[in-house]
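# no sequence for this one, just the structure:
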Ligand code: F3S
């Protein structure tokens, strides 16, 4: 047993009381999301929170991290002084395995290439009480669904498709590493109270249609931005008819409409899946509080009163969909797809069809896809496109191998890839004659932006259910409609594919030989965290220095950034990703994408010590060597984009003392505060224009730093003149403590040292 049953018992024991208190507080019946959110407040409240407005502190039950984002999160966690994580947490090695030849070889290569990262993650997990899922064990979201998700829980995960766990009635939210650090360290986790979108499902799926088509349809309705800041709650008899894993697929792809997360109410399908995955005891506990794991009856009766937006989909009428290319919200019912392909001149020939991934590799998905593969064999059909299968976990892989499904795929030339992200995240060494040739692929994954799967801009990637992907693999042609069109057999006869059939759960139960799990040491105090001092991918962190207790004087302007400056401008991705666990190395990308307002160039700023122009990190390192702090000046919405904590850690590491901007993206502003940086905004935005290239700054008022009290930044110009600029900040008492201590983790460390 890898899950923490005691934790779940505690959550359920408190649930009835908390739900009742929330009903009283809000004075009305509750949706499921409200029940779960209010049951997970970090501290009780006496006032209702306003959806879409109030920032709320939560106490999640779990944390899950994938191997790319876990590195910096855990390096930071190490500095907080705890001997164990504050909530149950897991690490999953899935993102760093490249698909090239097939599961066995690819896994062996990854284990070799990423040895130091895996050793680090394994040892640090062992030390701090974190469950560690080895490379090959599976994809984070599938493993979480099989082992950790539980109805009514709240979890965060450092990956955007964390909401997959909504298939088991859990609010599961994708976050950045910094949030994971907070929760593991025992700090509250902050989220703007989401708005609620209700999706009412009526009827029942049949024939070629599958749960994937529900979310492909929803994506078409809501578009890639329609779910932003919202939880999508599915309800209705149609919802209760879907398998738990099908619900997981729908919740997974809620990320494609920007939703905070998606969720289904607890039902018998969830209970069946929990039992099938050896968690009948959780199902029994959930049954005991089942009314609290569903919306109140009044909500069903009049949903528009309780949700901010309601959409209705009749599953009886839902056609299979194909979405794409280049965006997941370009939704085509299958009856319209062939025409769209022709009219838009998309390449008709299908080159590769890929099924599986965290989104669609349930037993139901695989068995339905295999029923089509079997027809190809039985009906003497050629399979025209390359075909790959990515199992979501070793549990699934082992079970489908035992049941002969992998053998069926083998008969049509299918290649089984490692139980890992692989082509879903671009970890795919695709064999293609001309990388610039326009070509089409189709996957049962979730994202299909340009270059996402194979890094090639000319690839047109479409998304569909595993059944439709398999039918297209057989036809090798995107103008084929499996519901209406015939195929030619090898001996020239015309045949049609029958509707796919499959099994929601394996008749003989799930089985696995080695699931790939490493339980942490009961007492990790003697465990050594393995980081080679010569590694260029990993570096242990030293706590940042505390504030010196005085106003800051003589800070040089590092860059006055002009226009958009996202976290990608501040800490670029791409080739830099491999340094995510090495703060000093990745700091060489600091602000290299930002545009210098004085010369309109990127990565070219004046070194005030030498008068020469050089790259931003180079100049900053020169200031650091001379023991001189600096200031970054920015425009509107500075730090928008991802929640990447590196964008705050790099300037901190290299000695930038303050970021002074017209306005901040909120998450980045909070990340700066957590790292002990000063994030300031111009009280008068026009003062941005007063900043000159050779400015030296003093920041005045820090000795009386207080919430709501302005500070002054004195800009000393080269000609001897100066401007006294009033600046605002949003630090509360606690955040001022973070600043003084040199960062939030230093505050926690001090508490544990007492
Ligand atoms: Fe991995 Fe793709 Fe899912 S990258 S976590 S399989 S979205």
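Arrived safely, thanks for sending. The model shown is predicted, which means the values in this text are computed figures rather than measured ones.

# what's next to the strand or helix carrying residue 670, contact-wise?
Per DSSP states H and E: residue 670 is located in helix 666-674. Residues outside helix 666-674 that contact it (Cβ atoms under 8 Å, 6 or more residues apart in numbering): 176, 178, 182, 190, 567, 638-640, 643, 645, 647-648, 652, 659, 664, 678-679, 730-731, 735, 738-739, 743-745. Heads up, the C-betas are built off the backbone N, CA and C, glycines and all.

# Mind doing that once more with 6 Å?
178, 639, 643, 645, 648, 679, 735, 738, 744 (Cβ atoms under 6 Å, 6 or more residues apart in numbering).

# For the very next helix or strand once past that helix, name the packing helices and strands.
Following helix 666-674 in sequence order, the next helix or strand is strand 678-682 (DSSP H and E). If you count contacts as 3 or more Cβ pairs under 6 Å, 6 or more residues apart in numbering; DSSP states H and E, strand 678-682 packs onto strand 656-661.

# So what's the model's average confidence on the helix ranked longest in the chain?
In the chain, taking DSSP state H as the definition, the longest helix is helix 5-26. Across helix 5-26, the average pLDDT comes to 97.

# what does the stretch 401-550 of the chain put close to the ligand?
For the stretch 401-550 of the chain, the residues in contact with the ligand (Cβ under 6 Å from any ligand atom) are 421, 424-425, 445-446.

# which of the residues in stretch 83-91 are buried?
Across stretch 83-91, burial judged by 16 or more other Cβ atoms under 10 Å covers 85-91.

# Sorry, slip of the keys, the one I care about is stretch 317-328.
318-325, 327-328.

# first vs last residue of that stretch, how far apart are they?
Terminal residues of stretch 317-328 lie 21 Å apart, using Cα to Cα, to the nearest Å.

# going forward, begin numbering at 852 instead of 1
Let's use 852 as the start, then, which means that last one is stretch 1168-1179.

# What's the mean pLDDT across it?
In the prediction, stretch 1168-1179 has an average pLDDT of 97.

# Pull the number of nearby residues for the residue of the stretch 1402-1551 of the chain found nearest the ligand.
For the stretch 1402-1551 of the chain and the ligand, the shortest gap (Cβ to the nearest ligand atom) falls at residue 1428, measuring 12.8 Å. Per other Cβ atoms under 10 Å, the neighbour tally for residue 1428 reads 12.

# swap in the one 5 residues further on?
Look at residue 1433: counted by other Cβ under 10 Å, it has 21 neighbours.

# Which residues does stretch 1184-1197 contact?
1170-1173, 1183, 1199, 1311, 1329-1330, 1332.

# err, stretch 1486-1494, not the other one
1027, 1414, 1416-1419, 1512-1516, 1518-1519.

# and it, how far out from the chain's middle?
18 Å (Cα atoms, centre = their mean, to the nearest Å).

# Over to stretch 1449-1457?
On the basis of Cα atoms, centre = their mean, stretch 1449-1457 is displaced by 33 Å from the centre of the chain it belongs to.

# Same check on stretch 1252-1261?
On Cα atoms, centre = their mean, the centre of stretch 1252-1261 falls 31 Å from that of its chain.

# just to revisit the earlier point, which one of the contacts of helix 1517-1525 sits closest to residue 1069?
The closest of the contacts of helix 1517-1525 to residue 1069 turns out to be residue 1494 (Cβ to Cβ; 24.5 Å).

# count of residues packed around the closest one?
With other Cβ under 10 Å as criterion, residue 1494 counts 20.

# For the contacts of helix 1517-1525, which entry has the maximal number of neighbours?
Top of the contacts of helix 1517-1525 by neighbour number is residue 1499, holding 30 neighbours under the definition other Cβ under 10 Å.

# Please name the nearest non-neighbouring residue to it.
With sequence-adjacent residues excluded and distances taken as Cβ to Cβ, 6 or more residues apart in numbering, residue 1499 is closest to residue 1522, at 3.9 Å.

# One more: residue 1354?
Residue 1354's closest residue in space is residue 1218 (Cβ to Cβ, 6+ apart), at 4.9 Å.

# residues in contact with the helix or strand where that neighbour lies?
Secondary structure from DSSP H and E places residue 1218 in helix 1214-1229. Here helix 1214-1229 makes contact (Cβ under 6 Å, 6+ apart) with 1094, 1096, 1206, 1234, 1251, 1256, 1259-1260, 1262-1263, 1317-1318, 1321-1322, 1325, 1348, 1351-1355, 1357.

# From these, keep the buried residues only.
1094, 1096, 1206, 1234, 1251, 1256, 1259-1260, 1263, 1317-1318, 1321-1322, 1325, 1348, 1351, 1353, 1355, 1357.

# so how far is residue 1013 from residue 943?
Counting by Cβ to Cβ, to the nearest Å, the separation of residue 943 from residue 1013 is 11 Å.

# same check, this time on residue 1137
20 Å.

# neighbour count winner among those two?
Neighbours were tallied for residue 1137 and for residue 1013 using other Cβ under 10 Å; the higher tally belongs to residue 1013 (29 against 23).

# Backbone dihedrals for the closest residue to the more buried one other than its chain neighbours, please?
Nearest non-adjacent residue to residue 1013, counting by Cβ to Cβ, 6+ apart: residue 1025, 4.2 Å away. Backbone dihedrals for residue 1025, given as degrees, to the nearest 10, come out at phi -80, psi 130.

# Run through the bridge partners of residue 1025.
Residue 1025 forms beta bridges with residue 1008, as assigned by DSSP bridges.

# List the ones among the contacts of helix 1517-1525 that fall in strands.
residue 1530 (DSSP state E).

# contacting residues around residue 1240?
By Cβ under 6 Å, 6+ apart, the contact set of residue 1240 is 1206-1207, 1260, 1265, 1267.

# element containing it?
strand 1237-1241.

# and the helix or strand that comes right after that strand, which residues are buried?
Sequence order places helix 1245-1253 as the next helix or strand after strand 1237-1241, per DSSP H and E. By neighbour count on 16+ other Cβ under 10 Å, the buried set for helix 1245-1253 is 1245-1251.

# How many residues are close by residue 1457?
When neighbours are defined as other Cβ under 10 Å, residue 1457 has 20 of them.
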